[in-house]
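Student: Predicted coordinates and the sequence they were generated for:
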Amino acid sequence: MAAPTIVVAPDKFKGTLTAAEAAGHIADGILRVLPDADVRRLPVADGGDGTVDAVVAAGFRRVRTRVAGPTGRAVDASFAVRGTTAVVELAEASGLVLLPAGEPAPLTASSYGVGQLIAEAVRVGARRIVLGLGGSACTDGGAGMVQALGGRLLDAHGVELPPGGAALRSLDRVEAADLLRRYADRPGGIEVVIASDVDNPLLGPKGAAAVYGPQKGAGPEDVTVLEAGLARWAEIVRRDVAAPTAAPATASSAAPATASSAATSADVEGRREVADLPGAGAAGGVGFGALAFLGATLRPGIELLLELLGFDAVLAGAALVVTGEGRLDPQTLHGKAPAGVAAAAARAGVPVVAVCGRLELTPTQLQTAGIVRAYALEDLASGGDALADAARYAEEAGALLAKELTAVVHKEAAR
């Protein structure tokens, strides 16, 4: 049997293994059985937490800084740079994991730190920002991000609003001409691409507050307050900002608008509201802020990350791809990393197997996702604690799939 080329491209096993650790342990198991194999490790992510780690493992340079966390307390954060492209991960600055003592702050948590990360990335030379949205602690519609980038959110007395989605109920006007000039008015501006698979709008029963607010500690009354704040935010942005993603720029609408040069009804007539766009509700509405103020475009997270990671080049000549994540469940089928890896491998005609902590998909669902076989650490543990010893069982999974690959190859050769 000729030494095969195997690409190991898992996402993180949340709470147990990073994507890089998972890839390393699975690869070690494969090499125990097939020591001459060309095993190519490529940790992946879908735009959520772990995205910066994945691109750093692929050759991006990590840049460390300090920014405001979701409650305003300074936190250590990082982003990744290669050439003039920077990858910024919301969870690094405004993630749920950064809440002090894990105490939710649904009404006051802010995306300010995300804006600081973007500003620092631009300062070090980035002209294209890939913004990964996921794991956010805030429901502020991206208002904090806008403030960190120079926008002013003022109440009726001309006072800057405090952080959080609840404060948006008092918003009277937005001043963001310089911000819009720098980001939204391309060519020449900073390009922002959102990496996310969330297609929720900003408002309503499928919006940021209703769907994701409870995950961030918001009770029913809090959700009502946040919905009112986001609705006010969308109303004032519609009036004061000529949103570049909602309509093509024209001679009259290309200039950034402020309260003194607000968009007229003619400017917005016939265009789709930014708040209604798929993805506007991502990360507590940070998607809305990026679309409206940064002229962002939105792409499926795993598709964009695989492009950045050079997946097609790594895949060349491969006999097998191994992907996976902590849990393979019905959500996996909707834009999660393993499904994206499987789809990309299928286009190249390369079979895919998966390693996971827990398997909650039927064989038919696996087949639909383009995954031939799945190896669950829980099954390998045989009653033991797979999570406590995930590294060991990930390696065992790698060894098992390598043995089965060898058996298949020998069987085919004997025909």
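Tutor: Sure thing, it's come through.

Student: need the strands for the stretch 201-350 of the chain, in chain order.
Tutor: Under the criterion DSSP state E, counting those that start in this stretch, the stretch 201-350 of the chain contains strands at 297-299, 320-328.

Student: just the ones you listed: most buried one?
Tutor: Highest mean neighbour count among these (mean count of other Cβ atoms under 10 Å): strand 320-328, with a mean of 27. The way it works is simple: take the backbone N, C-alpha and C, and place the C-beta from them, glycine included.

Student: Strand partners (parallel or antiparallel) of that one?
Tutor: Strand pairing for strand 320-328, determined by DSSP bridges: strand 5-8 (parallel), strand 352-359 (parallel).

Student: In TSV, list the ones you listed along with distance to residue 385 and mean pLDDT.
Tutor: TSV is the format used below for those (distance: least, Cβ to Cβ, whole Å; pLDDT from 0 to 100):
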stretch	distance to residue 385	mean pLDDT
strand 5-8	24	98
strand 352-359	11	97
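
Student: Of the strands of the stretch 201-350 of the chain, give the one that comes closest to residue 25.
Tutor: Residue 25 lies closest to strand 320-328 among the strands of the stretch 201-350 of the chain, at 11.0 Å (Cβ to Cβ).

Student: Count the residues that sit near the residue lying closest to residue 295 once chain neighbours are set aside.
Tutor: Residue nearest to residue 295 in three dimensions, not counting chain neighbours: residue 184, with 3.5 Å by Cβ to Cβ, 6 or more residues apart in numbering. The number of residues packed near residue 184 is 25, by other Cβ atoms under 10 Å.

Student: Kindly present the strands of the stretch 201-350 of the chain as JSON lines, with separate columns for mean pLDDT.
Tutor: What follows is the strands of the stretch 201-350 of the chain, written out as JSON lines (pLDDT from 0 to 100):
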{"stretch": "strand 297-299", "mean pLDDT": "94"}
{"stretch": "strand 320-328", "mean pLDDT": "97"}
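
Student: Nearest to residue 39, out of these?
Tutor: Evaluated over these, closeness to residue 39 peaks at strand 320-328, with 9.1 Å, by Cβ to Cβ.

Student: and the closest one, how far out from the chain's middle?
Tutor: Relative to its chain's centre, strand 320-328 lies at 18 Å (Cα atoms, centre = their mean, to the nearest Å).

Student: Just the C-alphas of it, formatted as CSV.
Tutor: This file holds the C-alpha atoms of strand 320-328, laid out as CSV (Å, rounded to 0.1, in the frame of the first residue of the first chain):
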residue,chain,number,x,y,z
LEU,A,320,-9.0,11.1,2.7
VAL,A,321,-10.1,14.1,4.7
VAL,A,322,-10.8,13.8,8.5
THR,A,323,-12.9,16.6,10.0
GLY,A,324,-15.0,16.9,13.1
GLU,A,325,-16.0,18.9,16.2
GLY,A,326,-17.1,18.3,19.7
ARG,A,327,-20.7,17.3,18.7
LEU,A,328,-22.1,16.2,15.4
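
Student: Could you dump the strands of the stretch 201-350 of the chain into CSV with distance to residue 281 added?
Tutor: Compiled in CSV, the strands of the stretch 201-350 of the chain are given as follows (distance: least, Cβ to Cβ, whole Å):
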stretch, distance to residue 281
strand 297-299, 12
strand 320-328, 23
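
Student: Quick one: closest of those strands to residue 308.
Tutor: strand 297-299 (10.8 Å).

Student: Please name every helix or strand in contact with the closest one.
Tutor: Other helices and strands packing on strand 297-299, by 3 or more Cβ pairs under 8 Å, 6 or more residues apart in numbering; DSSP states H and E, are strand 191-195.

Student: is it true that residue 346 touches residue 367?
Tutor: No. With contact defined as Cβ atoms under 8 Å, residue 346 does not reach residue 367; the gap is 11.3 Å.

Student: so how far is the helix ranked longest in the chain off the chain centroid?
Tutor: Ranked by number of residues, the top helix in the chain under DSSP state H is helix 390-414. Offset of helix 390-414 from its chain centre (Cα atoms, centre = their mean): 32 Å.

Student: So which bits of that helix are buried?
Tutor: 390-402, 405 (16 or more other Cβ atoms under 10 Å).

Student: If you average pLDDT per helix and strand, which one of the chain comes out bottom?
Tutor: Least confident element among the helices and strands of the chain, by mean pLDDT, DSSP states H and E: helix 265-268 (a mean of 34).

Student: So in terms of bridging, what pairs with the closest residue to residue 328 other than its chain neighbours?
Tutor: By the measure of Cβ to Cβ, 6+ apart, the closest residue to residue 328 outside its immediate chain neighbours is residue 356, 4.3 Å from it. Following DSSP bridges, residue 356 is listed with bridge partners residue 325, residue 376.

Student: any weak-confidence spans in this structure?
Tutor: 1, 185-187, 242-272, 408-415 (pLDDT under 70).

Student: residues contacting the residue nearest the centre of it?
Tutor: Using Cα atoms, centre = their mean, the residue of the chain that lies closest to the mean C-alpha position is residue 47, 2.3 Å off. Applying Cβ atoms under 8 Å, 6 or more residues apart in numbering to residue 47 gives the contacts 132, 133, 134, 194, 195, 196, 197, 301, 302, 304, 305.

Student: Ramachandran angles for it?
Tutor: phi 110, psi -10 (degrees, to the nearest 10).

Student: For residue 398, see how far away the closest residue to it other than its chain neighbours is.
Tutor: Counting by Cβ to Cβ, 6+ apart, the nearest residue to residue 47 once its immediate chain neighbours are dropped is residue 301, at 2.9 Å. Using Cβ to Cβ, to the nearest Å, residue 301 is found at 26 Å from residue 398.

Student: Same check on residue 5?
Tutor: Residue 5 sits 15 Å away from residue 398, going by Cβ to Cβ.

Student: wait, which of the strands paired with strand 320-328 is closest to residue 43?
Tutor: Among these, strand 5-8 comes nearest to residue 43, with 8.6 Å by Cβ to Cβ.

Student: Could you point out the helix or strand that follows the closest one?
Tutor: Using DSSP states H and E, the helix or strand that follows strand 5-8 in sequence is helix 19-33.

Student: Could you spell out the sheet neighbours of whichever helix or strand comes after that next one, each with its direction?
Tutor: Using DSSP H and E, the helix or strand that follows helix 19-33 in sequence is strand 38-41. The pairing partners recorded for strand 38-41 under DSSP bridges are strand 5-8 (parallel).

Student: Understood, closing this out.
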